[in-house]
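> model the following, please.
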Amino acid sequence: MKMSMVVFSQLNMCESKEKTFFKLIHGSGKEETSIEAKIRAKEKRNRLSLLLQRPEFHGETNTSKSALLAKETRVCPEEAVKWAESFDKLLSHRDGMDAFTRFLKTEFSEENIEFWVACEDFKKCKEPQQIVLKAKAIYEKFIQNDAPKEVNLDFHTKEAIAKSITRPTVHSFDAAQSRVYQLMEQDSYTRFLKSDIYSHLLEGRPQRPTNLRRRSRSFTYNDFQDVKADVAIWL
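Residues are numbered from 1 along each chain as shown. Down below sits the predicted model:
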């Protein structure tokens with residue numbers, strides 16, 4: 001009787017087993033790595049969810065929305081009509097002050113009302129040290145040459161303030177404040193009453209924020225010529 005013999009290559013069998021074993025080992029590692037990654041991702045999502053639910057996370061957003069809504073509140077037309085009676089009545093009303101400030105921003109002259117308000121606050125100071133500190137801050141912000149928000153004052157008024165700033169009193173800025181008040185009353189106030197901002201308030205439309213970039217006070221016609229010359233280089 002003839003017997004059939006099947007010869008298996010020992011080398012091939014070993015190679016097959018090794019490859020199989022290698023695949024099993026590394027396949028298991030990948031699966032384990034994938035599971036760990038999913039667990040970590042789930043933990044991150046949970047932490048993010050908890051963070052989003054915390055009240056302080058939404059504080060800034062809610063505040064911004066509240067501020068925007070506050071700026072868009074409607075002004076009573078009857079109240080707005082009274083602002084045309086005098087400049088004092090306009091400044092004595094909070095909404096009137098806000099509307100006038102918005103108008104000055106469109107003319108890039110909001111430093112005038114800011115200076116006037118700063119002077120009003122300064123005159124309420126009682127403590128000597130507080131008077132000195134606030135006087136210096138007002139001088140550096142509004143009065144001195146090249147101040148960030150320098151107001152338009154004559155040389156003599158600025159010189160008198162500069163001399164008194166070392167020993168200021170609550171009346172150190174009275175002359176300058178009066179001068180700026182007159183400028184606003186005789187110039188800006190009359191244009192405000194003719195502006196779209198004021199007419200919209202008379203019609204009962206809501207106030208909206210004004211987003212404008214501030215123009216440099218040192219900008220002159222000669223500067224504009226220099227700008228045009230610089231631009232021409234790129235053309």
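
> so residue 93 touches residue 79, yeah?
Yes. Counting by C-beta atoms under 8 Å, residue 93 does reach residue 79; the two are 6.8 Å apart. Any C-beta I mention is one placed from the backbone N, CA and C, and that applies to glycine too.

> quick one: which of the two has more around it?
residue 93 (17 against 13; other C-beta atoms under 10 Å).

> do you know how far the more buried one is from residue 141?
25 Å (C-beta to C-beta, to the nearest Å).

> now swap in residue 152 and tell me
15 Å.

> the more surrounded of those two?
A count of neighbours by other C-beta under 10 Å puts residue 141 above the other of residue 152 and residue 141, at 17 against 11.

> for the chain, name the helix or strand with the lowest mean pLDDT.
helix 221-234 (a mean of 37; mean pLDDT, DSSP states H and E).

> could you report the pLDDT at the closest residue to residue 164 other than its chain neighbours?
Once flanking residues are discounted, residue 164 sits nearest to residue 172: 5.1 Å by C-beta to C-beta, 6 or more residues apart in numbering. According to the prediction, residue 172 has pLDDT 96.

> ok, now which ones touch residue 172?
With contact taken as C-beta atoms under 8 Å, 6 or more residues apart in numbering, residue 172 is in contact with 135, 161, 164, 165.

> what subset of those is buried?
The neighbour count (16 or more other C-beta atoms under 10 Å) marks 135, 161, 165 as buried among those.

> wait, what's in contact with the last one?
Taking C-beta under 8 Å, 6+ apart as the criterion, residue 165 is in contact with 135, 136, 139, 172.

> dump the residues you listed into a markdown table; add distance to residue 112 and secondary structure as well.
Below are the contacts of residue 165 laid out as a markdown table (distance: C-beta to C-beta, whole Å; DSSP: H, G, I helix; E, B strand; the rest coil):
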| residue | distance to residue 112 | secondary structure |
| --- | --- | --- |
| 135 | 19 | helix |
| 136 | 20 | helix |
| 139 | 16 | helix |
| 172 | 18 | coil |
